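1. build me a structure from this.
(one chain, ligands or ions: 1)
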Amino acid sequence: MIVVKVGGSAGIDYDAVCADLAARWKTGERLILVHGGSGETNRVAEALGHPPKFVTSPSGYTSRFTDRQTLEIFEMVYCGKINKGIVERLQRLGVNAVGLSGLDGRIFEGRHKDSVRSVENGKTKVLRGDHTGTVEKVNTGLIELLLSAGYLPVLTPPASSYEGVAINVDGDRAAAALAVALKADALLLLSNVPGLLRDYPDESSLIRHIPADDVESYLEFAQDRMKKKVLGAAEAVAGGVRRVIFGDARAGQPITAALDGAGTVVS
Ligand SMILES: Nc1ncnc2c1ncn2[C@@H]1O[C@H](COP(=O)(O)OP(=O)(O)OP(=O)(O)O)[C@@H](O)[C@H]1O
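-> Numbering: from 1, shown residues only. Predicted coordinates:
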């Protein structure tokens, strides 16, 4: 089993990802796709007059502050436009894909964090009304049912809180939790960069290999949102996934290239 997570930043080629995925699926390989949608969510939020707000925690992690209106915009884009766009591409390629969010069948479950600490101008503030959380539990029943019936699941945040409230969760860490729960052989985290860069944005500074027992020490090279990918990789290998690859989804055959060792390989 291979879990592929494709991001939602500018430049990602969904046609290339879907064509590669479909070709591999047709050979009998078992795959699941998880996707993001941050770039388009920012655009739609601006257009709707509710611009995105990002907060940086005291430990340096950046996340989207998700009030109820932001959550609704997030769902429109992630579960609507992006998810259905991917499902449509796969259907056109002859793959019977099914798009679901983590809320559906409670595939992704976690604790709802209502408040978040945000560092602004050197001062730490507490913001309330946040609909965020972290995936703590993956309920694989529905996914296994779909896979055994020949459907390819296409999954996306949000997740469900234990109380059944929709929560915005990080897609990379959700994919990592899924890969652990399904005992996947590999987790691919594909985005609009060649992999983890030692000296971002210099693409020639690509880090080719990260030892599985030392992932967290590479957090120092990751800025803002890349940190979550490194954290997700650490969680996946700690949970028994043998290989995590940060790969490029901008062109070519992104899945095949990553599995062939392009990008940053954590093993
Ligand atoms: N050291 C680094 N190496 C590579 N990219 C980095 C680094 N530091 C920061 N980045 C940024 O991290 C981004 C990738 O993370 P991001 O969460 O934006 O992508 P995504 O997974 O495509 O999005 P989504 O949240 O929609 O799933 C890159 O576009 C780059 O701007």
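
2. which parts of the stretch 1-150 of the chain sit against the ligand?
-> Residues of the stretch 1-150 of the chain lying close to the ligand (Cβ under 6 Å from any ligand atom) are G7, G8, S9, G36, G37, S38. C-beta: built from backbone N, CA, C; applies to glycine.

3. identify each buried residue in the longest strand seen in the chain, please.
-> The strand that spans the most residues within the chain, counting by DSSP state E, is strand 123-138. Across strand 123-138, burial judged by 16 or more other Cβ atoms under 10 Å covers D130, H131, T132, G133, T134, V135, V138.

4. export those to CSV and tack on pLDDT and distance to A149?
-> As requested, the buried residues of strand 123-138 are exported to CSV (pLDDT from 0 to 100; distance: Cβ to Cβ, whole Å):
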residue, pLDDT, distance to A149
D130, 96, 37
H131, 97, 32
T132, 96, 33
G133, 96, 30
T134, 95, 30
V135, 98, 24
V138, 98, 19
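
5. what is the nearest of those residues to P157?
-> Among the buried residues of strand 123-138, V135 lies closest to P157 (Cβ to Cβ), at 8.6 Å.

6. beta partners for the closest one?
-> Assessed by DSSP bridges, V135 has beta-bridge partners G110.

7. wait, it touches R111, no?
-> No: using Cβ atoms under 8 Å, V135 is not in contact with R111, being 9.7 Å away.

8. and the closest residue to S161 other than its chain neighbours, which helix or strand is it part of?
-> The spatially closest residue to S161, leaving aside those adjacent along the chain, is H112, at 3.7 Å (Cβ to Cβ, 6 or more residues apart in numbering). For H112, the host element (DSSP states H and E) is strand 108-120.

9. what is the mean pLDDT for that strand?
-> What strand 108-120 shows for mean pLDDT is 95.

10. that strand packs against which elements?
-> Applying 3 or more Cβ pairs under 8 Å, 6 or more residues apart in numbering; DSSP states H and E, we find strand 108-120 packed against strand 54-56, strand 123-138, strand 159-161, strand 166-167, helix 171-181.
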